[in-house]
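Trainee: here's a sequence, model it:
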Amino acid sequence: MAWVKWDQILLPYDYGGLNVSSLKLKNYSLLTKWWWRFLTNDNALWVRVIKSIYGQSGGLGCNSPLPATKMKIFSGRNWSQIINIDQTPSKLGCNLSNVFVKDVGSGLDTSFWNDIWIGDLPLKDAYSRLFRLEVFKDATISDRITITFDSPVFSWAWESQPTWRTEDELASLTNIIKLHKFSNNSKASWTWKHNSNGAFTTDSLMQVLTSLTAAKLPPSSATDLSPFVPKKVGIFIWRAKKNRLPVRVKLDRKGLDLHSTRCPVCDDDIETLHHSLISCKFASNIWDKVRRWWKFNQLHLTNLSDIASCSNPKLVTTLGVSIWQAVVWVTSYYLWIHRNNCTFGKNIDSAAKIFSDIQGKCFEWINCRWRKGALDWLSWITNPCRFDSIFTKNGIG
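Mentor: Got it, this is the predicted structure:
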């Protein structure tokens, strides 16, 4: 039974996920690197072979390299699969044909109408009426434009004189070209839009696809994982914060036939996540023991978000808040373990035993993960707020 969307789990921590890298997006990024290699290695033997089969564009992007009848012959080839990888990124909003930008240089090896060199579409699609009037449909940029004193001079070849409809397109096209900045390079080159240095990397494409995936999911705050507890505890809190734990009320709503929806621990109320972790009599008893252990007047735990944030006005240092967060998270984790033991009839410990386990496990986990000092057990169980005496090597930082 799925409780959280898999796409949400795959997202990095900054997007509210669990930073499980997507093999699917990684595969797309690695295959896209072949696009970059094809575009930037004109003289390579394998590139010339691909062009001899699929045309000068190699079949990449929106240019059709072969007639449909011939395309079937090569549909099972490896390069055909590389051509078709554009479909999934395009669904996310990343059209690979538009993110590779071509610097045409002198324009000798760039098609004026068929290649994407200005705007997001080939000029044959953006100005279809003019393209129908073109005599030489494979004309290069140098055939149509000559740069003199930084100003383009046009050399058109029309089958018939443009009418009033196509004159508007022609005026629009010439204005766009006049605004285009032509480089002094003699040879065409390619740049990748999503990298400051213009070079393609698989990591940069992964970041783009990840951000586009996150944009299609409901907004979520960044995932907060405590440095003092194991990741399994952090993931438990992450699920609790999203209210995605299998309490009986949720199982009943999903259609499971349960003998009861009441709390398996106290049997006093319907089992919701708030009840299991906060308002249950047993949970309240544990939280009261934790409050007296830390010598707090009261605990600010009224809802699930308080468990995730773990704010307390008595704690003023970052280190103190982090350690208190670890204690709250471990306490919630042990309350859930106790709930599961009651549900499945396993060994049920007393409140005193669970509280002792919480103290011991917090001491063990924090001690193992705190690299700058060591916890003193006596200070830990008597007055954990005295951090200057808890850390025997280094005090509060």
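Trainee: domain ranges for this protein?
Mentor: 1-96+195-218, 105-187, 231-390 (automatic domain parsing).
Trainee: mind putting these into a markdown table with distance to Leu225 and mean neighbour count?
Mentor: Quick note: C-beta positions are derived from backbone N, CA and C, even for glycine. As requested, the domains of the chain are exported to a markdown table (distance: least, Cβ to Cβ, whole Å; neighbours: other Cβ atoms under 10 Å):
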| stretch | distance to Leu225 | mean neighbour count |
| --- | --- | --- |
| domain 1-96+195-218 | 7 | 15 |
| domain 105-187 | 40 | 14 |
| domain 231-390 | 4 | 16 |
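Trainee: mind checking which of these is nearest Asp224?
Mentor: Asp224 lies closest to domain 231-390 among the domains of the chain, at 6.9 Å (Cβ to Cβ).
Trainee: show me what the mean pLDDT comes to for that closest one.
Mentor: Across domain 231-390, pLDDT averages out at 87.
Trainee: any idea how far Ile348 lies from Arg339?
Mentor: 10 Å (Cβ to Cβ, to the nearest Å).
Trainee: now do Ala171
Mentor: Distance from Ala171 to Arg339, by Cβ to Cβ: 73 Å.
Trainee: what's the answer for Ile237, then?
Mentor: Counting by Cβ to Cβ - Ile237 and Arg339 are separated by 15 Å.
Trainee: chain center to the longest helix belonging to the chain, what's the gap?
Mentor: Criterion DSSP state H: the longest helix present in the chain is helix 318-344. Its chain's average C-alpha position is 28 Å from that of helix 318-344, according to Cα atoms, centre = their mean, to the nearest Å.
Trainee: check stretch 279-299 too.
Mentor: For stretch 279-299, the distance to the chain centre is 38 Å (Cα atoms, centre = their mean).
Trainee: likewise for stretch 252-272?
Mentor: Worked out by Cα atoms, centre = their mean, stretch 252-272 lies 36 Å from the chain centre.
Trainee: got the contact list for that stretch?
Mentor: When contacts are defined by Cβ atoms under 8 Å, 6 or more residues apart in numbering, stretch 252-272 is touched by residues 1, 247-249, 251, 275-276, 279-283, 338-339, 342-343.
Trainee: filter those residues down to just the ones in strands.
Mentor: Residues of these located in strands (DSSP state E): none.
Trainee: ends of stretch 187-201, how far apart?
Mentor: One end of stretch 187-201 to the other measures 22 Å (Cα to Cα, to the nearest Å).
Trainee: hmm, back to that, now render the domains of the chain as a markdown table, adding distance to Asp224.
Mentor: Converted to a markdown table, those look like this (distance: least, Cβ to Cβ, whole Å):
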| stretch | distance to Asp224 |
| --- | --- |
| domain 1-96+195-218 | 8 |
| domain 105-187 | 39 |
| domain 231-390 | 7 |
